[in-house]
Every structure is written in structure tokens, then in C-alpha cells.
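K.L.:
Here you go, sequence then predicted model.
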Amino acid sequence: MRQCQGCTECCFALSVKEIGKADFTPCPHIFEWGCSLHGIGKPAPCVRFECLWLQGKLPLEAWPAKTHLVCTLQRTVLGTAYVILETEPEAAEELYSQPLIEFMVKQHPVFVRKPDGDSLLKGGSPEQVQKYNEIRDKFREQTGKG
């Protein structure tokens, strides 16, 4: 089984209600060696979370600390989809990310959530793209984004 090897990308990307941490914000418990709560009371969501790289379902080159992409597989309003949390702006557009995303798109739609709150959809059927655009536009109207 793989180990995080010092990667803390999910610690930035994920929200953790138990400690009042919003998504895409630095965790106050992260230090250069990892989590200061490791072994002494890490919140349950942190203990349970395993990205697809850690599960061994992505190639070694897709290590989140290198790609700045935290990849998961989730049930969404469009059905099963990959959800990529981008921890650096435009990381999903980098040349080294393209083979990974192309591999994913062949299996399921891919949502890319960006640190600024925006998201985009890669792949998917025309119906899924239309539904995604409707949901995204409604969200933007409600939040004043976009």
C-alpha cells in the first residue's frame, strides 16, 4: 500500500467541519513533516480520506504533491464521476496533467474544482454537459460568481 510520503495536498483541498476548516484553505495543523494531529486525535474525515493515488488506482506520476491534483471518484448529480480538487491554479491544464485527465475521461466525466470556487467539466455525454451547465449557471446566479 502507498503512503502519503509527505504529501499534504488533501489537507489544503478538503473541508473539515470538526476543526472549522473550509475547503481550499491551509490547515492550521500542517507542518513540514505532515499533520501535527497524527496519532493524537486526527479528525475522522482526515483519517478516512484516501485519494485515488493513495489507493493505488492512479500511476505513480500522478502523486498529488507533484501534480497539485487530489483525485477522487464520487457519486454526483451526473452519476459516477471523477472529482479533481486543484490545489494550485490551473494545475489541471498543465501538460503533465493531460494524460491523467484523458485516462479518466475515458471512464467517467471529470469535474475539476478550482481553488477560486469555480469548476469545470471534462468529458461526459451531451446530456451530462447540459445538466452540468444548468447547475453551474444557477450556482453562479445565486452566488454572484461568474
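P.N.:
Yep, it's here. Here the structure is a predicted model, which is why all the values come from computation and not from measurement.
K.L.:
least trustworthy helix or strand in this protein by mean pLDDT?
P.N.:
Every helix and strand of the chain was ranked by mean pLDDT, DSSP states H and E. The lowest is strand 34-35, at a mean of 78.
K.L.:
For that one, which outside residues touch it?
P.N.:
Surrounding strand 34-35, the residues in contact under the criterion Cβ atoms under 8 Å, 6 or more residues apart in numbering are 4, 6, 8, 11, 27, 29, 42, 46. For glycine as for every other residue, the C-beta is placed from the backbone atoms N, C-alpha and C.
K.L.:
Grab the nearest non-local neighbour of the first one.
P.N.:
Pointing back at residue 4 there. In this structure, residue 4 finds its nearest non-sequential neighbour in residue 54, 6.6 Å apart by Cβ to Cβ, 6 or more residues apart in numbering.
K.L.:
got the contact list for the one you found?
P.N.:
Residue 54 neighbours (Cβ under 8 Å, 6+ apart): 2, 3, 4.
K.L.:
Number of residues surrounding the second one?
P.N.:
When you say that, I think you mean residue 3. For residue 3, the count of nearby residues is 7 (other Cβ atoms under 10 Å).
K.L.:
Report the beta-bridge partner residues of the spatially most central residue of the chain.
P.N.:
Per Cα atoms, centre = their mean, the C-alpha nearest to the average position across the chain is that of residue 85, at 2.2 Å. Note on residue 85: beta-bridge partners by DSSP bridges are residue 70, residue 113.
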